[in-house]
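# Give me a 3D structure for the following:
(one chain, ligands or ions: 1)
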Amino acid sequence: MPELNTSQHFIGGRWVEPASGEYFESTNPATRQVLYRAARGNAADIDRAVAAAKEAFEDPRWRDLSQTRRGHLLRRLGDLIAENAEELARMETQDNGKLLREMRGQLATLPEYYHYYAGLADKIHGAVVPTSDRQVLNYTAREPLGVVGAITPWNSPLTLTSSKLAPALCAGNTVVIKPSEYTSATVLKLAELALEAGFPPGAVNVVTGLGAEAGQALVDHRDLAKISFTGSTATGSRIAAATAGRFIGSTLELGGKSPNIVFEDANIPNAAMGVVAGIFAAAGQTCIAGSRVFAHRSVYDELLERVSERAKTIRIGDPMDEETELGPLAFEGQRDKVAGYVDLGRGEGARVLTGGNATDGGLGGYFYEPTILVDVDNGMRVVREEIFGPVLAIMPFDTEDEVVRLANDTEYGLAAGVWTQNLSRAHRMAARLDAGTVWVNTYRAMSPMSPRQGFKTSGAGVEHGTETIKEYTRLKSVWINT
Ligand code: NAD
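Alright, predicted model coming up:
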């Protein structure tokens, strides 16, 4: 990025001023200080970026590059991310308020996303198909799609962008990224590093701007071969509708309201730690947040006491400080949304056991206390809707059948946690829970190697692992009469 205080679009390997000449501000949510002004993209900017990506896709320097060489570029990009890890971690902490400690952890594994797909690049191939006609040779080829549009949210910009960028490039596509308007900085830096790694100009482009402007223009662009989106279910469903008639592929990673289930035979201290990390990490701003906890009635009081005692001692404050355990919400509207949901819960009859207040964290920022709601049930909006903040609803249950029914009684199906020392029950629950990821005696584990998919309204398509390569390629069948 040229200067932190004014950023441009990154198109065709160059910094490009917005067609409108307009910029918008991005604020540090811990302090409310304006960090930088970002280019406000519109349809003309998207047009330019898609054209650059299309030109790069058709350029022999990219099209004819060997798959092994593509892998080398991805490896180099992973190495460059590792070399720039501290700067990237600090940038993202300032931009979205995530703890620097947490960002350093993310940056320690982020190169893996590129290294994993570097190794996969020259293992993408078709197959010879035996047909009944011995006179013909039939084989399949896996081809890249073309220009991929990637739209990402603010809660984990680097990681969630990398989940799309690495496999899209691995498969030979070019990419136009529209990051969240709240967090443009690290995604711009990532595109700059891709150029430095040796990807040709136009292979990775970034247009910053608002969802309804730049985002919508990208979704609507006729030269787009695919859209890969991570964000809310509401936006994902609009994108699915907007692209349906064009039959372009879409990978959608959407919202969640994940259950975390503690059985009577669980190791309760471990389960309590898992419950706390499941909801309060990143101030609850994770799609996989374990925001609904079901505890067996016989261990409900003990679990509640452990979790609430821990919640009360969580240190709120400056996310740059190593000692801080809970940073701010990413922007004012998100803090207000969280506060609004807790008020709504009170109105629905929920009791606030701990937390329940907005605070400025001593820095003037958008903080909210770790909050536990009790006397709740599955019919309440605070239990059904995604809050995306540090708010936990905790409920007792009596039987396995009952908790399966309650856990699955949601429009979402992103993830679920189970705490038990009974191996048969662990397998049974993994099979019965209607969620794309099930963790047993752990929560939040994730790897670029492990495929994941949101069930129900939590998504469509697979990210990570070898599986996602299918999302970024098309299959051609070739028949040759010998
Ligand atoms: P959002 O849907 O408001 O925005 C996501 C992105 O879409 C942003 O870049 C935004 O500018 C853009 N956008 C908004 N309207 C658009 C439109 N009409 N056309 C095209 N683009 C548009 O989501 P958010 O608030 O940024 O992120 C939080 C949500 O993301 C939560 O629901 C969370 O669960 C979800 N999420 C899901 C995953 C997952 O892997 N399943 C991961 C992280 C976050």
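# Just say helix, strand or coil for residue 187.
helix (DSSP: H, G, I helix; E, B strand; the rest coil).
# With adjacent residues omitted, what lies nearest to it?
residue 179 (3.9 Å; CB to CB, 6 or more residues apart in numbering). (Glycine included, C-beta is placed from N, CA and C.)
# So what's the residue count around the one you found?
30 (other CB atoms under 10 Å).
# Test my guess that it contacts residue 157.
Yes - assessed by CB atoms under 8 Å, residue 179 is found in contact with residue 157 at 5.7 Å.
# who touches both of the two?
residue 187 (CB atoms under 8 Å, 6 or more residues apart in numbering).
# sorry, back to before: for residue 154, see how far away the residue nearest to residue 187 is.
Per CB to CB, to the nearest Å, residue 179 is found 8 Å from residue 154.
# repeat for residue 334
Residue 334 is 8 Å from residue 154, where distance means CB to CB.
# Same check on residue 116?
25 Å.
# Name all residues that make contact with the residue nearest to residue 187.
152, 157, 161, 187, 188, 206, 208.
# of all those residues, which comes closest to residue 434?
In terms of CB to CB, no member of these lies closer to residue 434 than residue 152, at 26.1 Å.
# Within its local environment, how many residues does that closest one see?
27.
# same thing with residue 379?
Residue 379 has 9 nearby residues by other CB under 10 Å.
# For it, what are phi and psi?
phi -90, psi -20 (degrees, to the nearest 10).
# now swap in residue 90 and tell me
phi -70, psi -40.
# From the ligand, how far out is the closest residue to it other than its chain neighbours?
The spatially closest residue to residue 90, leaving aside those adjacent along the chain, is residue 100, at 6.6 Å (CB to CB, 6+ apart). For residue 100, the distance to the ligand (CB to the nearest ligand atom, to the nearest Å) stands at 20 Å.
# Tell me who's in contact with residue 100.
Shown in contact with residue 100 (CB under 8 Å, 6+ apart): 89, 90, 93, 319, 320, 321, 322.
# And these, which of them are buried?
89, 90, 93, 319, 320 (16 or more other CB atoms under 10 Å).
# Restricted to helices, list the residues you listed.
Using DSSP state H, the subset of the buried ones among the contacts of residue 100 located in helices is 89, 90, 93.
# filter the residues you listed down to the ones close to the ligand.
Counting by CB under 6 Å from any ligand atom, nothing from those sits close to the ligand.
# With pLDDT as new columns, can the contacts of residue 100 be given to me in TSV?
Below are these laid out as TSV (pLDDT from 0 to 100):
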residue	pLDDT
89	98
90	98
93	98
319	98
320	98
321	97
322	95
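# Pull the most distant pair out of the residues you listed.
89 and 321 (13.7 Å).
# what separates the residue lying closest to residue 68 once chain neighbours are set aside from residue 434, distance-wise?
Nearest non-adjacent residue to residue 68, counting by CB to CB, 6+ apart: residue 122, 4.4 Å away. Going from residue 122 to residue 434 by CB to CB gives 37 Å.
# Distance-wise, check the residue nearest to residue 68 relative to residue 67.
Counting by CB to CB - residue 122 and residue 67 are separated by 4 Å.
# residues in this protein within reach of the ligand, list them.
151-155, 160, 178, 180-181, 211-212, 215-216, 219, 230-232, 235, 238-239, 253-256, 287, 386, 388, 414, 454, 459.
# what's the single longest helix in this structure?
The chain, longest helix under DSSP H: helix 100-120.
# The spatially most central residue of the chain is in what secondary structure piece?
Centroid-nearest residue in the chain: residue 160, 4.1 Å away (criterion: CA atoms, centre = their mean). Element membership for residue 160, per DSSP states H and E: helix 157-170.
# Give the rounded mean pLDDT of that helix.
The average pLDDT within helix 157-170 is 98.
# C-terminal to it, what's the next element?
strand 174-178.
# List the buried residues for that next one?
By neighbour count on 16+ other CB under 10 Å, the buried set for strand 174-178 is 174, 175, 176, 177, 178.
# same thing with stretch 248-265?
248-263.
# for residue 254, phi and psi?
Per degrees, to the nearest 10, the backbone of residue 254 is at phi -120, psi -150.
# Enumerate every residue touching the residue lying closest to residue 102 once chain neighbours are set aside.
Spatially, and ignoring its direct neighbours in sequence, residue 102 is nearest to residue 282 (6.6 Å; CB to CB, 6+ apart). For residue 282, the contacting residues are 98, 99, 102, 155, 156, 327, by CB under 8 Å, 6+ apart.
# Residue 357: how many residues sit nearby?
Residue 357 has 11 nearby residues by other CB under 10 Å.
# How about the contacts made by it?
Contacts of residue 357 by CB under 8 Å, 6+ apart are 368, 369.
# roughly how far apart are it and residue 368?
Residue 357 is 7 Å from residue 368, by CB to CB.
# And residue 478, how close does it get to the ligand?
For residue 478, the distance to the ligand - CB to the nearest ligand atom - is 36 Å.
# helix, strand or coil for residue 222?
Assignment for residue 222 (three-state DSSP): coil.
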